[in-house]
Structures are given as structure tokens and as C-alpha cells.
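**Q** What follows is a predicted protein model with its sequence.
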Amino acid sequence: MKYIPVIGLEIHAELMTETKAFCGCSNSFGQDKNSNTCPVCLALPGALPVLNQKAVQLAISAGLLCGSEITPITIWDRKNYFYPDLAKAYQISQLYAPICVGGGLEVNGRYIRFNRIHLEEDAGKLLHERGSSIIDYNRAGVPLIECVTEPDIRSSDEAVEFVEKFRRILIYGDICDGKMEQGSLRVDANISIMPENSIALGTRAEIKNINSFRFLKRAIEFEIERQTELLSNGGRIVQETRRYDEVSGETFSMRSKEDAHDYRYFPDPDVLPLIISAEDVEEIRNTLPEPPNKRYDRYVNKYMISGRDADTILAERATADFYDAVINEGADPKAAANSIKGELLRLLGEKAVKEIPVSPKDFAKALELASNLKISQDGLKAAITYMFQTGEGIDKALKEKNLIITENQDLIKAVIAEIVAEDPDLATRYKAGENKLFSYLFGQCMKKLKGKALPQSINLELIKELTE
């Protein structure tokens, strides 16, 4: 029997606020253990929470960028469970009136729906060291949004692309930094399978806390295979929470899967309901940056670059912002795209940077010089490299690297004559019909002239020399 995968995701994204969700402790990563704590996030008796307004604004921003409806009156609930990293033994969350409802994203022509995006506080972190476990409460109380999709996803590749697209939206919106390796963005995947042509969903298993795209793909594929093999052999799927082991590439059972009633949700008496007016929503909407999908449409339809080039530029916001700035300086969009995705990204390597160490104005001027044949394409690459590595401008790059082309026809002729004289047999063989030798001789000329002549000038003079 053929089975169809049915996948829903729960994406937890920590918000880029200065302080935590319900207290004034710093929301910063990498500090000494338990240094960002106070009576509120440690749940000491008598400590009361105060809602972070910035966290609310960022949650609304995420909903607006994803097409969600904003709930006018949202309430806070206590999600009760006991675990060492949860000092209060409950989490302040939203079940009955989430801040954002509905919306979704298009992936490969299919619309993946959101059920909700709600705001909640993060738990602390258990650290296992030298055979013992300790708790770091720095993360406790950090504000995060949980994006819950409908079970609309049908493959591991679709799941990965959805998370990538959502992550990019959050980064471009200054909502979450998207650093999965630091836990800023984590994914739970709910996976089931159902017989082909069936409409009844199967029993799902939840894979918790996946922190990379590669592991998300592998975990989903393993779980689909595990469930398919189990059902094909007459077994049954149990509803449970599982974890993905990165070394073995397998999922393992952790505990039976809880439903909402198991958490004994009830309204939090310490946090008042939040009223969000239509004017508040419009004020936030008017401050939203251009989302990546709109930028993609502009790059492809207005600037006429390829979809692949647009995707490459949009992969990092710093790169896209730099591209837009270069275009605003008057650069040709296609030339700018070619140099950014080629030379600039080569220099950046795999590093994600917030600021590229080349000014858009100098970059645009270098492109203009290449377009006007004042410097060669190799000279353009050399200029970009020099500016990137030194932080100096284009004028200094031209002077230091001696890049401006000042053509000397006598010099071109002399270099060509010298190369032909070094091996006269090459010219004889070219005249005899070995046309491929022209490329070799042309390359030798370019090498000796070191960018001090235009390729078309070398081409013309070389043809004259070989045919006379």
C-alpha cells in the first residue's frame, strides 16, 4: 500500500528584544550561566510579570508579514507542566486567543496554511556536563513566537523550504536573527502517514527541537520510513514525542504525546488581557520593511535578473540591502548582480555579515568603470577584492593596483610579436587550421599585458599578426 506523508510544523522563534518577555533581564545570548536572571524569571515568591511591549509589536509584525489576522483582544494562559528548566512549573503562553490567526506562505505553488502564531516565554536550558545535569536560566523568560502550521506539508523538501522561507521573513523583518545553531529558531515536526486516496489523517509522532535544515530533512524522512515499515508489517503508530539523534540519523521515543488538556491550561491571573486596536495594527504595518518575496518580484520583474540570481542575493539580508544600495547609486542591475553573486560572495565565503566592508557608491563606480572599458573585468575583480580587504575606496584601489587601462597600441603589437617569436611554430600551425591555438596565444597576451589593454584590441592585433 502506498502512503502519503502528512506534516505539520511548530516553529519557535526567539524575538529580537533587548529584555525578556515579562521582566527587565537582558535578552542576550552567550552570557555567563544564570547571569541574566531576576526574581521574575526565577519564579521567586511575590514576583509579578510585566509584559514587554516590543515583543507584542514583533509578534504582530510576524503575523502581518505572513498574512495573519491580528486578534483584537488576546489573553494569556498558563501551560502547566513540571520540568527542571521551568522554574514556575508553568509557561505563560496563549491557547484560547492567540495574537495572530491564519495566514500562510506559498511554497512551490502550494499554499501552506498557518493555524496560529502566538506569543509565549521560553524555558531555561538543561546542560549535561561531566555526567551531571545543570540548569541555565538565562533563556527562561525570553520572548518567542510559536508558528503552528496546518498539516499541509507533504514532503521533507517542502518542510525545509517552508522553514527557510519563514526564517527569511523573520530576519528581513528584524523579528528574529534566525540563528538555528544558537537555538534562536527551533522546529518541532508532527509527522503521520495516510493511505493514498484517504482523507483520514493518521496518528502523528512529534519530533522535538530540530535545529538545522539538514537534520529537519533527515528526521522527517526517517520518521516517514519508520511509520511506513511499521504499518506495512501490521503494526500500529502510537501518538508520542520523539527526539532525533544526529549521530545515528534515527528518531527515538521520549514520552507519550500530550494533548492540550494534559497541560491544564487556564487564564493567567497575573497578566491582563491585551487590547490591540486597528490603529495599532496599521501603525505597525506602516513600519514593516519590504519582505523578501516582494524584493524577489522587484528583482526579477523590474531589474530583469534571473530568479536564481535573485534567490542568491536574497539569501542574506545584508547582501540584498547592499544590492539595493548599489542600484540606488545608479549601477546597472544585471552587472551589479553578477559581481555580487560572483566576486563579493566569494570574498564573504560562508560568513553571514551585517555590514559589507565596501561602500555601495565605490562598488557602483567600479562597475561603471568596467562598463566604460576604463578597467578590465579582471581589474574589476581586483578592485572589489582590494576594497573588501582594506576598506579603502575605489580611487585608492585604482591607484594602488594600477588598474586604469591606458592603451598603447605599440606596446600591444610588441607583446604579440614577442609571444609569436618565442614559438613561431604556433603561428604556422594556426595558419594550417589549428584554430584552437588562438585561445592559447590570446591568453598569453592577456597574461603579459596584465590588464593594460582591452581584450578586443588584443584580439584584433593578434588576428593581424597571425594572418600576415
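**A** Ah, there it is. Numbering: from 1, shown residues only.
**Q** so which helix or strand takes in residue 284?
**A** In the assignment (DSSP states H and E), residue 284 maps to helix 278-285.
**Q** what residue lies at the spatial centre of this structure?
**A** The C-alpha lying nearest the average C-alpha coordinate of the chain belongs to residue 168 (Cα atoms, centre = their mean; 4.6 Å).
**Q** residues contacting that one?
**A** 178, 292, 314 (Cβ atoms under 8 Å, 6 or more residues apart in numbering). In this view, the C-beta of every residue, glycine as well, is placed from N, C-alpha and C.
**Q** The helix holding residue 284 - what's its average pLDDT?
**A** Averaging pLDDT along helix 278-285 yields 97.
**Q** What of stretch 45-58?
**A** Mean per-residue pLDDT for stretch 45-58: 96.
**Q** tell me the contacts of residue 347?
**A** Contacts for residue 347 (Cβ under 8 Å, 6+ apart) come out as 384, 385, 388, 389.
**Q** what's the closest non-adjacent residue to the second one?
**A** Right, residue 385. Sequence neighbours aside, residue 347 is the residue nearest to residue 385 in space, at 6.5 Å (criterion: Cβ to Cβ, 6 or more residues apart in numbering).
**Q** Give me the distance between the one you found and residue 386.
**A** Applying Cβ to Cβ, to the nearest Å, the value for residue 347 to residue 386 is 11 Å.
**Q** Then residue 415?
**A** With distances taken as Cβ to Cβ, residue 415 is found 25 Å from residue 386.
**Q** which stretches of the chain have low pLDDT?
**A** Counting by pLDDT under 70, the ranges of the chain that qualify are 257-258, 260, 350-353, 406-408, 450-452, 468.
**Q** Can you find which helix in it contains the most residues?
**A** In the chain, with assignment by DSSP state H, the single longest helix is helix 213-232.
**Q** which secondary structure elements does that helix contact?
**A** When contacts are defined as 3 or more Cβ pairs under 8 Å, 6 or more residues apart in numbering; DSSP states H and E, helix 213-232 sits against strand 3-14, helix 156-172, strand 185-195, strand 205-210, strand 240-245, strand 250-256.
**Q** Dump these to a markdown table, plus distance to residue 145.
**A** Shown next, in a markdown table, are those (distance: least, Cβ to Cβ, whole Å):
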| stretch | distance to residue 145 |
| --- | --- |
| strand 3-14 | 5 |
| helix 156-172 | 9 |
| strand 185-195 | 10 |
| strand 205-210 | 16 |
| strand 240-245 | 21 |
| strand 250-256 | 24 |
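**Q** Ok, which of those comes nearest residue 224?
**A** Comparing the helices and strands packed on helix 213-232 against residue 224 with Cβ to Cβ, the closest turns out to be strand 3-14 (5.0 Å).
**Q** Using CSV, write down the CA coordinates of that closest one.
**A** Extracted in CSV, the C-alpha atoms of strand 3-14 (Å, rounded to 0.1, in the frame of the first residue of the first chain):
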residue,chain,number,x,y,z
TYR,A,3,1.2,6.0,2.0
ILE,A,4,1.2,9.8,1.8
PRO,A,5,3.2,11.8,4.4
VAL,A,6,1.2,14.5,6.3
ILE,A,7,3.4,17.0,8.1
GLY,A,8,2.7,20.0,10.3
LEU,A,9,5.3,22.2,11.9
GLU,A,10,5.7,24.2,15.1
ILE,A,11,8.4,26.8,14.6
HIS,A,12,9.7,28.5,17.8
ALA,A,13,11.5,31.9,17.0
GLU,A,14,13.1,34.0,19.8
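**Q** Any buried residues in it, and which?
**A** Neighbour-count burial for strand 3-14, counted by 16 or more other Cβ atoms under 10 Å, picks out 3, 5, 6, 7, 8, 9, 10, 11, 12, 13, 14.
**Q** Surely residue 417 and residue 465 touch.
**A** Yes: Residue 417 is within contact range of residue 465, at 6.6 Å (criterion: Cβ atoms under 8 Å).
**Q** Can you say which helix or strand has residue 383 in it?
**A** helix 377-390.
**Q** tell me what that helix is packed against?
**A** Using 3+ Cβ pairs under 8 Å, 6+ apart as the test, helix 377-390 ends up in contact with helix 345-348, helix 360-371, helix 394-401.
**Q** by contact count, what packs against the second one?
**A** This means helix 360-371. When contacts are defined as 3+ Cβ pairs under 8 Å, 6+ apart, helix 360-371 sits against helix 317-328, helix 333-339, helix 377-390, helix 394-401.
**Q** closest to residue 72 out of those?
**A** Smallest distance to residue 72 across the helices and strands packed on helix 360-371 (Cβ to Cβ): 31.4 Å, for helix 317-328.
**Q** Going by neighbour count, which residues of the closest one are buried?
**A** Buried residues in helix 317-328, counted by 16+ other Cβ under 10 Å: 317, 319, 320, 321, 322, 323, 324, 325, 326, 327.
**Q** Stretch 389-407 too?
**A** By 16+ other Cβ under 10 Å, the buried positions in stretch 389-407 come out as 392, 393, 394, 397, 398, 403, 405.
**Q** Which of the three states applies to residue 119?
**A** Following DSSP: H, G, I helix; E, B strand; the rest coil, we place residue 119 in the strand state.
**Q** Let me know how buried it is, in neighbour terms.
**A** Using other Cβ atoms under 10 Å, residue 119 has 28 other residues around it.
**Q** excluding its backbone neighbours, what's nearest it?
**A** Excluding the flanking residues, the one nearest residue 119 by Cβ to Cβ, 6+ apart is residue 59, at 4.5 Å.
**Q** what's the angle between whichever strand or helix holds the one you found and helix 278-285?
**A** Secondary structure assignment for residue 59, by DSSP H and E: helix 53-65. Going by axes from the mean of the first three to the mean of the last three Cα atoms, to 10 degrees, helix 53-65 is angled at 80 degrees with respect to helix 278-285.
**Q** what packs against helix 53-65?
**A** Counting contacts by 3+ Cβ pairs under 8 Å, 6+ apart, helix 53-65 packs against strand 69-70, strand 100-101, strand 110-121, strand 143-149, helix 156-172, helix 278-285.
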